[in-house]
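S.K.: following is a predicted model, sequence given first.
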There are 2 protein chains.
Amino acid sequence: MVTIKDVAKAAGVSPSTVSRVVKNHPGISSDTKRKIRKIMEQMGYTPHVAARNLVTKRSYTIGLVVKSAVHEAVLNPFFTEVNFGVSEACRTKGFSTIMTAAEDDDSLFLEVKNLINSKRVDGFILLYSKENDPVTKYLTSMAFPFVVIGKDVMNSGDAIHVDNDNVQAAKEMTDLLIDEGYEDIVMVVDNEVFAVSQDRIAGFEQAMASNGLSSKCKVVQCDKDESSIERMLVDLFDHTPPQALLTLDGVLNARIISRLYQMQIRIPEDVATATFSESPLTKFAAPPQTVVDIYPKELGKEASNEVIMLIKDDNRLKRNITVPTRIIERQSTKKEERG
Amino acid sequence: MVTIKDVAKAAGVSPSTVSRVVKNHPGISSDTKRKIRKIMEQMGYTPHVAARNLVTKRSYTIGLVVKSAVHEAVLNPFFTEVNFGVSEACRTKGFSTIMTAAEDDDSLFLEVKNLINSKRVDGFILLYSKENDPVTKYLTSMAFPFVVIGKDVMNSGDAIHVDNDNVQAAKEMTDLLIDEGYEDIVMVVDNEVFAVSQDRIAGFEQAMASNGLSSKCKVVQCDKDESSIERMLVDLFDHTPPQALLTLDGVLNARIISRLYQMQIRIPEDVATATFSESPLTKFAAPPQTVVDIYPKELGKEASNEVIMLIKDDNRLKRNITVPTRIIERQSTKKEERG
DNA sequence: AATTTTAATGCAATCGTTTGCAAAAAGTGT
DNA sequence: ACACTTTTTGCAAACGATTGCATTAAAATT
């Protein structure tokens, strides 16, 4: 193993000098820098991170905390894409990422505490958000750097949030549906407690209202399991069949269109469908789905940059970041053509 | 920050004793252990990993190397599930995971070298396999612990592989199709160079042969992009329409069924479809797809356990591990019913 | 009670960096 | 040449654990 001392000896300088060259310290003459860099190169020197971490009291690692079971995350490409965005952004800043996932609050909390105590991470990105979350509370109380991807229901001022403007996104999508001529639009949600749900519902309702369709504005709740979905759909289509279904997220949407297929209800001839969160599930669906792309990778990237800045500068002022969205219109909402 | 010295002082013992209590060293009396454990608890002591890593020359971290672009990985739930399997298994053994992904060989190789040189990881899990891969070669030459999920084309004896029996899986799936009464079965593959492709093709051909259907055995190659798929399907259905399509993997399958839908070819009435690698893409497809579940999480778990054993015991004999598979039959291959 | 054996603990060096401060070297102005 | 800056480098003490070996205390044997 080649250490900083070996390099120092070979170059005829002290370890301190080598160390300073490594971090491009201004006090070192450019001659020396050049010379030492060459020697480092030749000897194949790479700093030992544990040694560095020990003295700098930094781990140069950020923890990505996911509150989810495997099957949920696997299901949701959103997660993977955020993950990649985080990894990539962190790497370019010299940070590594370590992920913890758990279903229940307790083990997640324990894991987080452990990561902090053992000095394994310098900051966190939380990929979930919940009211009164113990982790959020704990981190805040310790003044430990973290950012949340998503948003609290009550936007508790303390935490930094990186999120889309879901109200706006839902509005735009609703407008698109209305423009296409749909009026009886039903929004289907599985979980109403998250901020993201409330925002999207709000956007939907606002858009309906401002188009004078308040009376037709309808939101139904429905669990993710097959039978709930079936019950919901049967109920819906038995009464007054809606002209369009706007679903809360891509996974739920996938299940719904699968069920519609079973029920021999055609998209978009019998009903149009649209949803949030672009992924293979929407892109390669039959038919391809009109969707709001929420740029998960960008969310991850922004969150990473922000948490790293927080780590490097304690009294950086907290800012929330809004990542733009865009609508991708596909066959599932287009009345005319059918390829 | 509470260090081992603080605990030692509070307990009136030396730091060495505390250290030995932490790792439950047999030479410490149970009285002392009890006492010190209590004090550690009270003071909230957690060992500083960097300090430990420095002296033990271990990082207790394994690197998960993914050769893939984001869009590929996001697309493929297989990746996410392996990732979770790895993280979970590592955590229960006191290891963390750090993931590196890259598209091109060079940056991947660089990353790997860097992780090794900076002593950031003790071992690797490679989530890809390629003939003559520089990373594999390098790791082997350094005798650095690693295992490969998947298999080389030429099963180069040096590396440890964790894989399914893809030949067998393809055989069973083909048998199922034949049992259901399909005879004109076409296997569609996108990439023939990987071992997994070759294995599945081999299994398919063997099963066809042993059922006296060699003459009907047909394999077509087709890129993943829309136009290639369309061309392939048009070509296929213009000649003698196949009765069943067996696709190499779930992602390709998803695209194919999406295209079939556009072409108004019904599944399974006009053609049956089946594929490998269970995921939401197969489960919530329209119609739900018959598929071979290859247990990606299990693959990740086995790989983790194995690489950790390798790290702990240099001259552990290398063994390959085969993870079982199972077939899930769904509507896409069932002739009779339609719900 | 003296001696030997065994069990329990402590000493002190070490891992590979970083960094405040001191020191040396080089440059400036007179 | 001298004093005085300014630039460049080195010294040495950390950082927080681990571990081989020595030591002490306790138990066993004679």
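M.R.: Yep, that arrived.

S.K.: quick one: pLDDT of the residue sitting nearest the centre point of chain A?
M.R.: Nearest to the mean C-alpha position of chain A, by CA atoms, centre = their mean, lies A:Val82 at 4.4 Å. The score at A:Val82 is 94. That number is its pLDDT.

S.K.: quick check: it touching A:Tyr295?
M.R.: No - A:Val82 lies out of contact with A:Tyr295 (CB atoms under 8 Å); the separation is 9.8 Å. Placement of C-beta: from N, CA and C, glycine included.

S.K.: what sits closest to the residue nearest to the centre of chain A if chain neighbours are left out?
M.R.: In space, and not counting its chain neighbours, A:Val82 is closest to A:Gly300: 4.1 Å by CB to CB, 6 or more residues apart in numbering or on different chains.

S.K.: residues in contact with the one you found?
M.R.: A:Gly300 is in contact with A:81-89, A:125, A:149, counting by CB atoms under 8 Å, 6 or more residues apart in numbering or on different chains.

S.K.: repeat that with 10 Å
M.R.: The neighbourhood of A:Gly300, defined by CB atoms under 10 Å, 6 or more residues apart in numbering or on different chains, consists of A:64, A:79, A:81-90, A:97, A:125, A:127, A:149, A:162, A:323.

S.K.: so it sits in a strand?
M.R.: No - under DSSP: H, G, I helix; E, B strand; the rest coil, A:Gly300 falls outside any strand and is assigned helix.

S.K.: residue contacts, the closest residue to A:Asp223 other than its chain neighbours?
M.R.: Sequence neighbours aside, A:Asp190 is the residue nearest to A:Asp223 in space, at 6.2 Å (criterion: CB to CB, 6+ apart). Counting by CB under 10 Å, 6+ apart, A:Asp190 makes contact with A:197, A:221-225, A:228-229, A:247-249, A:251-252, A:255.

S.K.: burial count for the residue nearest to A:Ala69 when sequence neighbours are not counted?
M.R.: Nearest non-adjacent residue to A:Ala69, counting by CB to CB, 6+ apart: A:Glu103, 4.7 Å away. When neighbours are defined as other CB atoms under 10 Å in any protein chain shown, A:Glu103 has 13 of them.

S.K.: same question for A:Glu205.
M.R.: A:Glu205: 20 neighbours (other CB under 10 Å).

S.K.: and what about it, helix, strand or coil?
M.R.: A:Glu205 ends up helix, using three-state DSSP.

S.K.: give me the pLDDT for the closest residue to it other than its chain neighbours.
M.R.: Nearest residue to A:Glu205, sequence neighbours excluded (CB to CB, 6+ apart): A:Cys217, at 5.6 Å. Here, the pLDDT recorded for A:Cys217 equals 95.

S.K.: and the worst-scoring helix or strand of chain A on mean pLDDT, what does it pack against?
M.R.: Here the helix or strand of chain A ranked lowest by mean pLDDT, DSSP states H and E is helix A:70-75, holding a mean of 76. If you count contacts as 3 or more CB pairs under 10 Å, 6 or more residues apart in numbering or on different chains; DSSP states H and E, helix A:70-75 packs onto strand A:61-67, helix A:77-92, strand A:96-102, helix A:250-262, helix B:77-92, helix B:280-283, helix B:296-312.

S.K.: just those: most buried one?
M.R.: helix B:280-283 (a mean of 25; mean count of other CB atoms under 10 Å in any protein chain shown).

S.K.: wait, does whichever helix or strand A:Asp31 is part of make contact with DNA strand D?
M.R.: Using DSSP states H and E, A:Asp31 falls within helix A:30-43. Yes - for helix A:30-43, a contact with DNA strand D is found by CB under 7 Å from any atom of the strand, at A:31-32.

S.K.: on that earlier part again, any idea how far the residue nearest to the centre of chain A is from DNA strand D?
M.R.: 33 Å (CB to the nearest atom of the strand, to the nearest Å).

S.K.: repeat for A:Thr282
M.R.: Taken as CB to the nearest atom of the strand, the spacing of A:Thr282 relative to DNA strand D amounts to 48 Å.

S.K.: any idea how far stretch A:300-313 is from the chain center?
M.R.: Its chain's C-alpha centre and that of stretch A:300-313 lie 14 Å apart, by CA atoms, centre = their mean, to the nearest Å.

S.K.: show me what contacts A:Met173?
M.R.: Counting by CB under 10 Å, 6+ apart, A:Met173 touches A:185, A:187, A:200, A:203-204, A:207, A:246, A:274-276, A:290-292, A:325, A:327, A:329, A:333.

S.K.: which residues are in contact with the residue nearest to A:Ala69?
M.R.: By CB under 10 Å, 6+ apart, the contact set of A:Glu103 is A:66-70, A:72.

S.K.: identify the residue nearest A:Ala207 in space, chain neighbours excluded?
M.R.: A:Ala207 sits nearest to A:Thr174 (CB to CB, 6+ apart), 3.5 Å away.

S.K.: host element of the one you found?
M.R.: According to DSSP H and E, A:Thr174 maps onto helix A:166-179.

S.K.: of all residues in the stretch 51-200 of chain A, which one is closest to DNA strand D?
M.R.: The minimum distance from the stretch 51-200 of chain A to DNA strand D, using CB to the nearest atom of the strand, falls at A:Val55 (3.4 Å).

S.K.: select only the buried ones of the contacts of A:Met173 in PyMOL?
M.R.: To isolate the buried members of those in PyMOL, using 16 or more other CB atoms under 10 Å in any protein chain shown:
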select buried, chain A and resi 185+187+200+203+204+207+246+274+275+276+290+291+292+325+327+333
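
S.K.: which ones among the contacts of A:Met173 lie within helices?
M.R.: A:200, A:203-204, A:207 (DSSP state H).

S.K.: want to throw these into TSV with distance to DNA strand D and pLDDT?
M.R.: Formatted as TSV, the ones in helices among the contacts of A:Met173 follow (distance: CB to the nearest atom of the strand, whole Å; pLDDT from 0 to 100):
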residue	distance to DNA strand D	pLDDT
A:Arg200	47	96
A:Gly203	49	98
A:Phe204	53	98
A:Ala207	56	98
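
S.K.: and the pLDDT for A:Met154?
M.R.: If you check A:Met154, the pLDDT there is 61.

S.K.: look at A:Asp104 and report its pLDDT.
M.R.: For A:Asp104, the pLDDT comes out at 86.

S.K.: verify the stated contact: it with A:Pro134.
M.R.: No - judged on CB atoms under 10 Å, A:Asp104 makes no contact with A:Pro134 at a distance of 11.2 Å.

S.K.: who's more crowded, these two?
M.R.: Per other CB under 10 Å, whichever of A:Asp104 and A:Pro134 has more neighbours is A:Pro134, with 14 against 10.
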